[in-house]
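Asker: show me the folded form of this:
(one chain, ligands or ions: 1)
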Amino acid sequence: MSDSFTAPGKIILFGEHAVVYGKPAIAIPVSGMRASAWSEPGEGKLTINALDLNEKIDLKNKTSQFSVLAQALLSRTKQNEPNLTINLTSKLPQGSGMGSSAATSTAVCKALSNYLGVDLEKNQISELVFDAEKIVHGTPSGIDNTVVAYESPVYFVKGKEPLTFDSGRTFYLVIGDTGIESSTKETVGNVRSLWEKEPNLMNGYFDEIGNVTEGGKQAIENGDKEAVGELMNKNHELLNKIGVGHQELEKLVDITLEAGALGAKLTGGGGGGNMVALAKNAEEQKEICEKITEAGYRAYQTTFGED
Ligand code: PMV
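Answerer: Below you'll find the predicted structure:
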């Protein structure tokens, strides 16, 4: 059995959906929750053994993100199909905006490239995973594969070199899971329908979200937690206006704000899935987390930046 290759989950702190329309977005890795892949001798062909799904995927399967990824990697490196099984497992909930598909593809990409003896740069991994993401998401902006492959906070504009950045302060986040699986492909499609009907209105919202993201980057770099929290609230309001809210997300946002969060918003595709709240410090992070679990939802704690 080979070493295990892993990739983190992610959350989007600012700018989801607007990023599809060319606005900037900010995403951070969730390093404590990861997908892992490791290889072992195969059964005559290349198989991705998705243990959590109890599914074995081979190269004949053209509709799987993993076969698309493996095929692209083999073509790029001009290698034949190896006799290899790659086992895959993930701690990330699916369909919840935590980047489960990008993390699993990235872990498989690392395990397979290691076996093939090719050393891929982060941007090359990100590109390969992006192509695989299209199977899952339709027309992804590319933010998920970028933050997961770089494993650093990123400021992302579609089609441009991602900017990795950091803060001189620790930001304490709590992620709350509505438990409602939601398809990003669907919410992105719904936003597109609204945009086709009301382009001026929707472009106005996307501009506002873009401004919030710019402000968010400044506030993170300045270590200004209060400002980051306020901008998260503003971003949440705008996400509701573009129609990707959900009453369960509202409940979680209210619970966290009542528990003292500096700000809270849905994260990712919306329509269910996860929300994220910013706590003042580690103690309050724990309290907010407890309030969410007391209300019957799953919650995770994560941080970024360093004091
Ligand atoms: O649901 P997630 O976490 O994969 O986030 C999707 C982010 C969107 O902006 C809604 C779509 C995209 O491709 O950027």
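Asker: and the residue of this structure closest to the ligand?
Answerer: residue 268 (2.8 Å; Cβ to the nearest ligand atom). C-beta: built from backbone N, CA, C; applies to glycine.
Asker: quick one: the nearest residue to that residue once chain neighbours are set aside from residue 46, how far?
Answerer: Counting by Cβ to Cβ, 6 or more residues apart in numbering, residue 97 is the residue found nearest to residue 268 once chain neighbours are left out, at 2.1 Å. According to Cβ to Cβ, to the nearest Å, residue 97 stands 30 Å off from residue 46.
Asker: more neighbours: which of the two?
Answerer: Taking neighbours as other Cβ atoms under 10 Å, residue 97 and residue 46 compare with residue 97 leading, 29 against 24.
Asker: correct me if wrong: the more buried one contacts residue 271.
Answerer: No. The pair residue 97 and residue 271 fails to qualify as a contact (Cβ atoms under 8 Å) at a distance of 9.7 Å.
Asker: now the strands for the stretch 101-250 of the chain?
Answerer: Secondary structure of the stretch 101-250 of the chain by DSSP state E, counting those that start in this stretch: the strands cover 154-156, 163-164, 171-177.
Asker: what about the helices in the stretch 51-200 of the chain?
Answerer: Per DSSP state H, counting those that start in this stretch, the stretch 51-200 of the chain carries helices over the ranges 65-76, 100-116, 122-137, 143-150, 184-197, 199-221.
Asker: average pLDDT for the fifth one?
Answerer: Predicted confidence along helix 184-197 averages 94 (mean pLDDT).
Asker: by how many degrees do it and helix 100-116 diverge?
Answerer: 120 degrees (axes from the mean of the first three to the mean of the last three Cα atoms, to 10 degrees).
Asker: quick one: low-confidence parts of the protein?
Answerer: Along the chain, the parts satisfying pLDDT under 70 run over 1, 95.
Asker: what residues does it have near the ligand?
Answerer: By Cβ under 6 Å from any ligand atom, the residues of the chain that approach the ligand are 12, 16-17, 19-20, 97, 99, 137, 140-141, 143-144, 184, 188, 268-269.
Asker: if we go to 5 Å?
Answerer: Listed as neighbours of the ligand in the chain under the rule Cβ under 5 Å from any ligand atom: 16-17, 19, 97, 140-141, 143, 184, 268-269.
Asker: fine by me, thanks again.
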